[in-house]
Structures are given as C-alpha cells and as structure tokens.
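Trainee: coordinates only, no sequence provided:
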C-alpha cells in the first residue's frame, strides 16, 4: 500500500518566491496534518484537516502561510512570499480517527 | 501551559538496555505516543499509551503514569540500527489533531 506521498522531496528557492508543497494522504484517512521540523523548535503542528475541513490552524506562523485541501486525496501548503527563516523540513501526515499518524518522507525546504 | 521534556541526547552500548524519559504538562490529556525518527527520514510509530502501566512490544516497551505526567521508552538488546531520535508526543484534549511533540532524544548506540 502506498503511504503518504509528498512532493517535492527537496526545494531550493530564493527569498520572496512562492513555494507550494503537496501531499497525498493514505486513501481512507480522514485526518491530514502539516508539520514543520527544525533543530531549534522540533516538530511543530501547523494545521490539520478533518474530512477536508481545516480544524485548527493556530500553528500557522503568519499570513504568508496558507493550506488547502480541495478533496480527500490532495492538500497543499503554500508560502508566499518565502523567507530564509522558513527553511525547514515540512512533513505531511494522515490518519483515521484514533489511530497513529503516518508521516510522509517530508519536503526539505531551503530559502536562500 | 503545555510542555514536553525529554533529554536531548543519550549514548548506550550495543546489547544494553536504555530508558528514555519524557515528562509532560498539558491542559487535558488523551494519550501518549512514542515515535522513532532516523536521520533524514520521517517519524515512524512505535507505541501508544492511554492508561497507566507498561505496554510491551518486542524489544521496545513504553510506560505511562498519568498522575505524574511521566512516560518512558525502554529499549532492550540494543542494536546499532536503534541509533535514531525518539519523539514523545501527547494528545491534548479530545481531538486526534492536538498532538504535541517533544523535541526528541537522539540516541547513539556504540559497539
């Protein structure tokens, strides 16, 4: 079975550019999560969806960040404009209620 | 407030036993997870505790004391491949989504 699929695996771009990260959750999972991981702050929840509806976006650092889930099999996390401090590994995870979360391989983002 | 504390790093010897502690303070509690994360990879699920006591799963065991806000992960018969970061995560409140992670404990297993 395919796991959570994220793209791209690596992204290097210049400050000010728009960045779009993509995630395909495991089929049948009704929860989808976006996390950011850095050495300083560890793994932080940015936003999560239940049945495609955003439930808690209190972890989104600022208005430059936005996330959408147009259907049950696809979600995007967008940063516009990007800044060097956004450099991190971004993980997407999915689950069905009450079960452990399954993580994608992450997107390693570097903003120059 | 919410806080999860774990040691930053630990070192142990191949074949030995190591215990990784986690203390937490959260507003509401609905269970605790342990995840393993190898360098450059995604976290993978190890164990889940919601009631007090010990959960054993092969070489790995996890313990929870809700009254003390304390958990530990016990790794027996350490192998080199166990070198990884171990993340403690608490489900806060009644929703699956309120998962708060500790910063992880980097375990190095030496021959």
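Mentor: Cool, the structure landed. As the structure is a computational prediction, the values presented were derived from the model and not from experiment.

Trainee: contacts, neighbours, all on C-alpha from now
Mentor: Fine.

Trainee: name the SS class of the residue of chain B found nearest chain A, please.
Mentor: Closest residue of chain B to chain A, CA to the nearest CA: residue B:103 (4.6 Å). For residue B:103, the assignment made with DSSP: H, G, I helix; E, B strand; the rest coil gives coil.

Trainee: quick check: closest non-adjacent residue to it.
Mentor: residue A:42 (4.6 Å; CA to CA, 6 or more residues apart in numbering or on different chains).

Trainee: neighbours around the one you found, how many?
Mentor: 15 (other CA atoms under 10 Å in any protein chain shown).

Trainee: now do residue A:35
Mentor: Neighbours of residue A:35 (other CA under 10 Å): 21.

Trainee: before we move on, what about residue B:52?
Mentor: Other residues lying near residue B:52 total 13 when counted by other CA under 10 Å.

Trainee: show me the contacts for it.
Mentor: B:63-66 (CA atoms under 8 Å, 6 or more residues apart in numbering or on different chains).

Trainee: residue ranges with poor pLDDT in the chain?
Mentor: Because you didn't say which chain, this covers chain A. Applying pLDDT under 70 to chain A flags the ranges A:1.

Trainee: please go with chain B instead
Mentor: For chain B (pLDDT under 70), the answer is B:1, B:93-97.

Trainee: please see if stretch A:78-97 touches chain B.
Mentor: Yes - using CA under 8 Å from any CA of the partner chain, stretch A:78-97 reaches chain B at A:91, A:97.

Trainee: related to what we said a few turns ago, turn the contacts of residue B:52 into CSV, including distance to chain A and neighbour count.
Mentor: Output for the contacts of residue B:52, formatted as CSV (distance: CA to the nearest CA, whole Å; neighbours: other CA atoms under 10 Å in any protein chain shown):
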residue, distance to chain A, neighbour count
B:63, 17, 23
B:64, 17, 23
B:65, 20, 16
B:66, 19, 19
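
Trainee: tell me which residue of chain A lies closest to chain B.
Mentor: residue A:42 (4.6 Å).

Trainee: got a list of what the residue of chain B closest to chain A touches?
Mentor: Counting by CA under 8 Å, 6+ apart, residue B:103 has contacts A:41-43, B:4-6, B:8, B:87-88.

Trainee: drop anything exposed from those residues.
Mentor: A:43, B:4-6, B:87-88 (16 or more other CA atoms under 10 Å in any protein chain shown).

Trainee: quick one: these as JSON lines, columns for distance to residue B:39 and secondary structure too.
Mentor: Listed next are the buried ones among the contacts of residue B:103 as JSON lines, based on distance: CA to CA, whole Å; DSSP: H, G, I helix; E, B strand; the rest coil:
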{"residue": "A:43", "distance to residue B:39": "14", "secondary structure": "strand"}
{"residue": "B:4", "distance to residue B:39": "21", "secondary structure": "strand"}
{"residue": "B:5", "distance to residue B:39": "20", "secondary structure": "strand"}
{"residue": "B:6", "distance to residue B:39": "18", "secondary structure": "coil"}
{"residue": "B:87", "distance to residue B:39": "13", "secondary structure": "strand"}
{"residue": "B:88", "distance to residue B:39": "16", "secondary structure": "strand"}
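
Trainee: so which of the residues you listed comes closest to residue A:108?
Mentor: Using CA to CA, residue A:43 comes nearest to residue A:108 of these, at 13.5 Å.

Trainee: for the closest one, which non-adjacent residue is spatially closest?
Mentor: Residue A:43 sits nearest to residue A:37 (CA to CA, 6+ apart), 4.3 Å away.
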